[in-house]
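**Student:** With the input below, show me the fold.
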Amino acid sequence: MVAKREPYEVPAIRAFAAELTAWRGTMSKVELAERLGYTPQLIGQLEAGKNIPSEQFSEDADTFFKTNGLFLRLWKLIMETRRLAVLPPGFSKYVQFEGQAGTIRTYSLVLIQGLLQTEEYARAILLTVQRPDTVDQFVAARMERQAILTRQKPPRLWATIDERALHSMIGGREVMRGQLQHLLEASKNPNIMVEVVPQDAEAHAGLEGMLALLGFDNEPDIAYTESAGRGQVVEDAAGVSDFHVRYDLVRGHALPVAESRKLIESILEGL
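**Tutor:** Down below sits the predicted model:
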């Protein structure tokens, strides 16, 4: 597997990295690589948590260090939790916060937000970036996230969407029809406000990419942004404040809820 620029956040991968470093001890990476038949670069990537070990490497490490199957067991745990392994860095942490938030403000430039995606729309997106045999678990996880919107005390969601996302033919015409209809139904809920930034809006701060703001009853807000497959959770007060300003600037270009609903209806009618 190709190494990542940033370490994986998955605990099982971190545990594998720590154990490999500990068992190597004072032996150099070059020496260990020669004895196992791998490159020093791979050893370095695995110890840094920037690459996922193979089953064969795990078995070879167990044989060499005589660990009674330790590395193979860790590899199996990594495979069981591999859904997390391919998520953007920072996203799993964001999802944990999302489930506790009382208010959620999001802006999406090219795709409809995950909390408002249909299963078919989500599947069409995930099939472009995941192996077919893993897509089902990713879709299930995304649908599970949406349960917060229908729980006994749901968060208030402001979903600001660029009109570009409504015209993208993700999954084909029927999938998009279902997705737009779902948006309209969701917008009828008192806790969900769907607002559309029209395509003819002048240049605005949202062109930099998606963003999300989470509010809590007794804790400071946090922000999240994602681009080029990399996610970042922002918790410092100054950084979060900047994201609030950016979101307000974007939302200033959005149509009111009622007008946004009419625009979605018109796009749906044209499909």
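**Student:** Quick check on Gln41: phi, psi?
**Tutor:** Main-chain torsions, Gln41, degrees, to the nearest 10: phi -60, psi -40.
**Student:** ok, it - how many residues close by?
**Tutor:** 12 (other CB atoms under 10 Å). Using the backbone N, CA and C atoms, a C-beta is placed for each residue, glycine as well.
**Student:** Could you do the one 10 residues further on as well?
**Tutor:** Taking other CB under 10 Å as the criterion, the count of residues near Asn51 is 23.
**Student:** What number of residues are in the vicinity of the nearest residue to it once chain neighbours are set aside?
**Tutor:** What sits nearest to Asn51 in space, not counting adjacent residues and going by CB to CB, 6 or more residues apart in numbering, is Gln45, at 3.8 Å. The number of residues packed near Gln45 is 20, by other CB under 10 Å.
**Student:** I'd like the numbering to begin with 211 instead of 1 from here.
**Tutor:** Noted, 211 is the first residue going forward, which turns the last one into Gln255.
**Student:** so how far is Leu390 from Gly254?
**Tutor:** According to CB to CB, to the nearest Å, Gly254 stands 48 Å off from Leu390.
**Student:** Between these two, which is the more surrounded one?
**Tutor:** In this view Gly254 and Leu390 are compared by other CB under 10 Å, and Leu390 has more residues nearby, 20 against 15.
**Student:** okay but that one is in contact with Leu481, surely?
**Tutor:** Yes: in terms of CB atoms under 8 Å, Leu390 counts as a neighbour of Leu481; the distance is 7.4 Å.
**Student:** low pLDDT regions in this structure?
**Tutor:** 211-215, 291-300, 339-341, 437-440 (pLDDT under 70).
**Student:** Checking my notes, the residue nearest to Asn261 in a strand, right?
**Tutor:** No: Gln255 sits outside any strand when classified using DSSP: H, G, I helix; E, B strand; the rest coil, being helix.
**Student:** Ile335 reaches Leu321, doesn't it?
**Tutor:** Yes: taking CB under 8 Å as the definition, Ile335 is a contact partner of Leu321 at 6.6 Å.
**Student:** Spit out the residues that contact these two alike.
**Tutor:** Ile380 (CB atoms under 8 Å, 6 or more residues apart in numbering).
**Student:** neighbour-wise, which of those two wins?
**Tutor:** Using other CB under 10 Å as the criterion, Ile335 and Leu321 rank with Ile335 on top: 22 against 17.
**Student:** Distance-wise, check the more buried one relative to Ser318.
**Tutor:** Counting by CB to CB - Ile335 and Ser318 are separated by 12 Å.
**Student:** Return the residues in contact with the nearest residue to Leu417 once chain neighbours are set aside.
**Tutor:** Nearest residue to Leu417 in three dimensions, chain neighbours excluded: Leu319, at 6.9 Å (CB to CB, 6+ apart). Leu319 makes contact with Asp372, Arg374, Ala375, Gly416, Leu417, Gly419, Met420, according to CB under 8 Å, 6+ apart.
**Student:** mind running it again at 6 Å?
**Tutor:** Asp372, Gly419, Met420 (CB atoms under 6 Å, 6 or more residues apart in numbering).
**Student:** Highest neighbour count among those residues?
**Tutor:** If you rank those by neighbour count (other CB under 10 Å), Asp372 sits at the top with 25 neighbours.
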